[in-house]
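# one predicted model, sequence on top.
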Amino acid sequence: MLLVLAAPVATWWLVGPNPGDEIGSDPTLRPDDYDHLFHPPAIDATVERAGGRAAVVIVLVAGAVLAVEARRERIDRRWWPPIVGMALVGAIIGLAGRVMTAAVVGANIGGGFMLLFGVPAVLALVIGSAIWSIQTLRTTAPTAP
């Protein structure tokens with residue numbers, strides 16, 4: 001669960017902001033020169049850095065714990081597809097957040113592509129993970145108390 005919740009924050013932080021300064025003035029100094037599909041949230045840099053680092057650590061630790069438990073055969077390998085699928089959903093959401101809030105001049109083509117391809121990908125992964133999980137639960141024999 002922590003892996004899935006931390007994945008968007010970790011991706012958001014690792015991708016980092018698009019300062020837009022390669023196309024003109026610094027967007028923080030002259031924000032009216034730039035367009036945004038959505039404006040990025042106003043998050044203090046220290047809070048963003050701390051949250052991003054914590055999320056990356058959580059993703060790494062959760063992934064390591066899952067790998068160790070799978071190696072010890074304490075996790076049924078049939079659960080890997082929904083776990084990975086939902087972690088990918090988090091990564092897509094984090095990436096979409098950065099792409100759709102990028103400072104641009106004119107149209108945000110990347111934001112349009114995230115809406116065009118990201119939303120169906122997220123829906124497919126969520127629905128596929130749910131169906132896979134239900135099927136796995138139905139085929140798992142109950143254990144004796």
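Received, thanks.
# state which helix of this structure is the longest.
Counting residues, the longest helix found in the chain (DSSP state H) is helix 45-71.
# what is the subsequent helix or strand relative to it?
helix 80-100 (DSSP states H and E).
# and that following helix, what other elements does it pack with?
With contacts defined as 3 or more C-beta pairs under 8 Å, 6 or more residues apart in numbering; DSSP states H and E, the packing partners of helix 80-100 are helix 2-15, helix 45-71, helix 109-113, helix 119-139. Where C-beta positions appear, they are placed from N, C-alpha and C, glycine not excepted.
# could you find the closest non-adjacent residue to Arg98?
Val15 (4.3 Å; C-beta to C-beta, 6 or more residues apart in numbering).
# that neighbour contacts Leu95, correct?
Yes. Using C-beta atoms under 8 Å, Val15 makes contact with Leu95 at a distance of 6.0 Å.
# quick one on the thing from earlier: out of the helices and strands packed on helix 80-100, flag the one nearest Asp35.
Minimum separation from Asp35 across the helices and strands packed on helix 80-100 (C-beta to C-beta) falls at helix 109-113, 10.0 Å.
# chain neighbours aside, what residue packs nearest to the most centrally placed residue in the chain?
Most central in the chain under C-alpha atoms, centre = their mean is Ala91, positioned 2.3 Å from the mean C-alpha point. Of all residues not flanking Ala91 in the chain, Thr11 sits nearest, at 4.6 Å (C-beta to C-beta, 6+ apart).
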